[in-house]
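A.B. asks: I would like to see how this sequence folds:
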Amino acid sequence: MTRERVRRLIQTLPEGLVEIYTHPATTDRFRGHAHGYRYVEELEALRAPETISAVQHSGLRLGGYADALAGADVMRGRHPEMGWT
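C.D. replies: Just a heads-up that it's a prediction; the model follows:
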């Protein structure tokens, strides 16, 4: 994943819940690495000023897997923190 690709993805994401799956790392070689995968370049792309700016101007809400699950429960009418299941 390059800086340009991440920026273009952010600018063209559809409405709704979207996952951009990445494997950033501080080195390209470690036990279990995929030969040829550019982990460091992907980390740099995610941390790049133009990526951060694109997210800030997009109106996107960032989150992790647990946030996506919570959002899915709310969409289904479940809201555990309010006692709704």
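
A.B. asks: Could I get the contacting residues of the spatially most central residue of the chain?
C.D. replies: If you average the C-alpha coordinates of the chain and look for the closest C-alpha using CA atoms, centre = their mean, you land on residue 20, 4.4 Å from that point. Residues counted as contacts of residue 20 (CB atoms under 8 Å, 6 or more residues apart in numbering) are 1, 6, 9. To be clear about C-beta, it is placed using only N, CA and C from the backbone, and glycine gets the same treatment.

A.B. asks: Which of these scores worst on pLDDT?
C.D. replies: Lowest pLDDT of the contacts of residue 20: residue 1, 87.

A.B. asks: Burial check on residue 48, number of neighbours?
C.D. replies: 16 (other CB atoms under 10 Å).

A.B. asks: Hmm, it is touching residue 1, no?
C.D. replies: No: because the distance of 10.9 Å does not satisfy CB atoms under 8 Å, residue 48 is recorded as not touching residue 1.
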